[in-house]
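3D, please:
(2 chains)
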Amino acid sequence: AQSVAQPEDQVNVAEGNPLTVKCTYSVSGNPYLFWYVQYPNRGLQFLLKYITGDNLVKGSYGFEAEFNKSQTSFHLKKPSALVSDSALYFCAVRGGGGSYIPTFGRGTSLIVHP
Amino acid sequence: EAQVTQNPRYLITVTGKKLTVTCSQNMNHEYMSWYRQDPGLGLRQIYYSMNVEVTDKGDVPEGYKVSRKEKRNFPLILESPSPNQTSLYFCASRRGDQPQHFGDGTRLSIL
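Numbering: from 1, shown residues only, chains lettered A, B, ... in the order given. This next block holds a predicted model:
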């Protein structure tokens, strides 16, 4: 069975500082990995994905994530946080080879302080 | 504009009164799914559909039904709602290996 762990319920960071939101996963075969962001009263919005290729993936709004196969991690990062980045972030994984069911983490609330 | 539309956005109802939450997408996506979001539990998949007339259970299907008679629509049906189905519900769609597009959610309160 596939699973995703987001070990931090909340991450606090000062504006202008780098941020990291952690995600580790377990899946059979090659993973398809995604990050989504949720703003209040809205659905999830896609940020970035890793399917194959370079381990460093760049996405929307200046976010990036690094795929680490040996550590089964896919941490979300941004060099300089903005107050407007404050939101709920979800990591998701599904197996390749035709698997259609993604598994989402519990979400991490990112709070960026002015 | 590409979008997934859910209705209603908010609903307060009573135990046992059948309800339907509609979901429609205008992107011709073959894959659609329903999730519920609960505090501390993240998103859990209720049902999914890989194409017209093809549906299957997700992780938490009990108490829910779905149908996929047309490619664009994927309604979620609660035949006899109970208070433990009070939650925030999301519909999503996607094509192939692409990321999912989510609706803005439906907040259900069942008294």
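
only C-alpha atoms for contact and neighbour calcs from this point on.
Will do.

B:L19: what's it in contact with?
Neighbour list for B:L19: B:77-81 [criterion: Cα atoms under 8 Å, 6 or more residues apart in numbering or on different chains].

export those to CSV and tack on neighbour count and pLDDT?
Below are the contacts of B:L19 laid out as CSV (neighbours: other Cα atoms under 10 Å in any protein chain shown; pLDDT from 0 to 100):
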residue, neighbour count, pLDDT
B:I77, 17, 98
B:L78, 19, 97
B:E79, 14, 95
B:S80, 13, 96
B:P81, 21, 97
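
intersect those residues with the contacts of chain A.
Checked against chain A using Cα under 8 Å from any Cα of the partner chain, those give no members in range.

now chain B against chain A: closest residue?
Closest residue of chain B to chain A, Cα to the nearest Cα: B:G42 (3.7 Å).

what about the closest residue to that residue other than its chain neighbours, neighbour count?
Among residues not flanking B:G42 along the chain, A:R106 sits closest, at 3.7 Å (Cα to Cα, 6 or more residues apart in numbering or on different chains). Counted with other Cα atoms under 10 Å in any protein chain shown, residues neighbouring A:R106 total 25.

repeat for A:S86
A:S86 sits with 20 neighbouring residues when counted by other Cα under 10 Å.

could you list the contact residues of chain B toward chain A?
So chain B meets chain A at B:40-44, B:50, B:58, B:90, B:99-105 (Cα under 8 Å from any Cα).

for the residues you listed, which two are the farthest from each other?
Farthest pair in those (Cα to Cα) is B:G40 and B:M50. Separation: 28.3 Å.

ok, and the closest non-adjacent residue to A:L76?
Per Cα to Cα, 6+ apart, closest to A:L76 is A:A65, 4.4 Å.

next one: B:D59
Spatial nearest neighbour of B:D59, chain neighbours left out: B:Q45 (5.4 Å); criterion: Cα to Cα, 6+ apart.

partner residues bridging that neighbour?
Counting by DSSP bridges, B:Q45 forms beta bridges with B:Y35.

which residues touch A:E66?
For A:E66, the contact set (Cα under 8 Å, 6+ apart) comprises A:55-57, A:73-76.

that one: which element?
Assigned by DSSP states H and E, A:E66 falls within strand A:64-68.

before I go, just wanted to say thanks for your time.
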